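# missing the sequence, but the structure's below:
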């Protein structure tokens, strides 16, 4: 029986919806899943480690990666570049490992064109007021930037129709359980099981 | 926010694959799911209760139900009729309840034509030898009937491609967890959430 490819799970959604927290918790509970570390030109926030949370790169370095086609996707968001290094993702999936990506919507939609067989999960806040509260609590951005983010988030909600699944992030524990269920279910999908029955 | 319809989960697969046991265990763990009781002309097995496991009907009674269009699907299998009473299923789904149906493959495919939005789950045994063992252990059929069932089962495995999900029923507990995950995941599917975001 030929080994099935791993799943590529793309976790996306408006900024502040909580996709990062869900992603971290799923990785903690399911350590066999590989996290794809993104590259970015944005400044690191307190506690963020280069190579673990992001590859923090200068604009020049980032543009060189684009030129060499080393990114599976890239996007500019709030005046910063974000991108997904290609090699590690492709290698892991082909070896049967599941890979989880947490990225902005523009990036997710680029990946979807290249990997329609990926699992596209959209994380949304329970309401705009909760989203506003969360972004304010983070306290890392000016009020201007926050307002810009909120307006962007409201527009971005419309992209949900491009995704396979939507998780309303009301309680973290529930959201994590939903994502774990999506993983289990996707592994049972007939379209992903071309070789399963040769041995039956 | 308009209430979403319930899910129709159709559990099917070759005879002896264990779909009945999985179905019972899921219903025990998730008592809010409604089990759709099928009608049949086959004789009841020890322990089976009319109206709970099946509606046991004579051939004449069954044919009257067909004529009155009271069945969502019906099929003849091993010289017996099996069918799904329509009314209870439709009413439950429209009121937002999830309904689980456990039926033979012919019946499942009839339902799929009428309810493409249903969730179609194919349960398979881990191997033909395990299937043979299980049917023999049940001890309710003659060797001739068993052989006929096994041949049918082998042909029926090919129908897997008509289904959304496949569960290899190796260990009951694992199979049940997979079915429960499929339910959770399907409720997160964007295509099932037309009204979710009006209030966000």
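All right, it came through fine. What you are looking at is a predicted structure, and each value in this text was computed from that prediction instead of being measured.
# quick one: residue A:189 and residue B:167 touch, right?
No - if you go by C-beta atoms under 8 Å, residue A:189 and residue B:167 don't touch, sitting 10.9 Å apart. All C-beta atoms are positioned from the backbone trio N, CA, C, and that covers glycine.
# These two - which one has more neighbours?
Per other C-beta atoms under 10 Å in any protein chain shown, whichever of residue A:189 and residue B:167 has more neighbours is residue B:167, with 24 against 16.
# who does the more buried one bridge with?
In this entry, residue B:167 is beta-bridged to residue B:123, by DSSP bridges.
# So it is in contact with residue B:21, correct?
No - using C-beta under 8 Å, residue B:167 is not in contact with residue B:21; the gap is 11.8 Å.
# and the longest helix for chain A?
Longest helix of chain A, by residue count under DSSP state H: helix A:172-188.
# That one packs against which elements?
strand A:8-12, helix A:19-29, strand A:119-124, strand A:165-168, strand B:165-168, helix B:172-188 (3 or more C-beta pairs under 8 Å, 6 or more residues apart in numbering or on different chains; DSSP states H and E).
# List phi and psi for the nearest residue to residue A:65 once chain neighbours are set aside.
Using C-beta to C-beta, 6 or more residues apart in numbering or on different chains and skipping the chain neighbours, the partner closest in space to residue A:65 is residue A:71 (5.5 Å). Backbone torsions of residue A:71, given as degrees, to the nearest 10, read phi -120, psi 130.
# And residue A:71, how far from chain B?
When distance is defined by C-beta to the nearest C-beta, to the nearest Å, residue A:71 is 27 Å away from chain B.
# what does residue A:17 give?
For residue A:17, the distance to chain B - C-beta to the nearest C-beta - is 10 Å.
# Give me every residue in chain A that's in contact range of chain B.
A:121-122, A:124-128, A:157, A:160-161, A:163-168, A:177-178, A:180-186, A:188-190, A:193, A:196-197, A:199-200 (C-beta under 8 Å from any C-beta of the partner chain).
# Give me the buried entries from those.
A:121-122, A:124-125, A:128, A:157, A:160, A:163-168, A:177-178, A:180-186, A:188-190, A:193, A:196-197, A:200 (16 or more other C-beta atoms under 10 Å in any protein chain shown).
# quick one on the thing from earlier: got the helices and strands packed on helix A:172-188 as JSON lines, with distance to residue B:17 columns?
Output for the helices and strands packed on helix A:172-188, formatted as JSON lines (distance: least, C-beta to C-beta, whole Å):
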{"stretch": "strand A:8-12", "distance to residue B:17": "29"}
{"stretch": "helix A:19-29", "distance to residue B:17": "31"}
{"stretch": "strand A:119-124", "distance to residue B:17": "27"}
{"stretch": "strand A:165-168", "distance to residue B:17": "28"}
{"stretch": "strand B:165-168", "distance to residue B:17": "9"}
{"stretch": "helix B:172-188", "distance to residue B:17": "10"}
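# So what angle separates the directions of the longest helix of chain A and helix A:19-29?
Counting by axes from the mean of the first three to the mean of the last three C-alpha atoms, to 10 degrees, helix A:172-188 lies at 70 degrees to helix A:19-29.
# Show residues contacting helix A:172-188.
Residues from elsewhere that reach helix A:172-188 (C-beta atoms under 8 Å, 6 or more residues apart in numbering or on different chains): A:7, A:9, A:11, A:18, A:21-22, A:25-26, A:29-30, A:33, A:98, A:119, A:121, A:123, A:165, A:167-169, A:192, B:121, B:165-167, B:177-178, B:180-186, B:188.
# Figure out how far that helix is from the centre of its chain.
A distance of 15 Å separates the centroid of the chain from that of helix A:172-188, by C-alpha atoms, centre = their mean, to the nearest Å.
# and that helix, average pLDDT?
In this model, helix A:172-188 has an average pLDDT of 97.
# orientation of it relative to strand A:8-12 in degrees?
Computed by the same axes, to 10 degrees, the angle between helix A:172-188 and strand A:8-12 is 150 degrees.
# What ranges in chain A fall below the confidence cut-off?
A:1-3, A:194-200 (pLDDT under 70).
# Would you map the helices across it?
A:19-29, A:59-67, A:86-94, A:105-114, A:128-138, A:143-156, A:172-188.
# and the first one, what other elements does it pack with?
Just to be clear, that refers to helix A:19-29. Helices and strands touching helix A:19-29, by 3+ C-beta pairs under 8 Å, 6+ apart, are strand A:8-12, strand A:99-102, helix A:172-188.
# coming back round to it: so which of the helices of chain A gets nearest residue B:49?
Proximity to residue B:49 (C-beta to C-beta) singles out helix A:172-188 among these, at 31.2 Å.
# What about the residue nearest to residue A:17 when sequence neighbours are not counted, how many residues nearby?
The shortest distance from residue A:17 to any non-neighbouring residue, by C-beta to C-beta, 6+ apart, is to residue A:123 (4.5 Å). The tally of other residues near residue A:123 (other C-beta under 10 Å) stands at 26.
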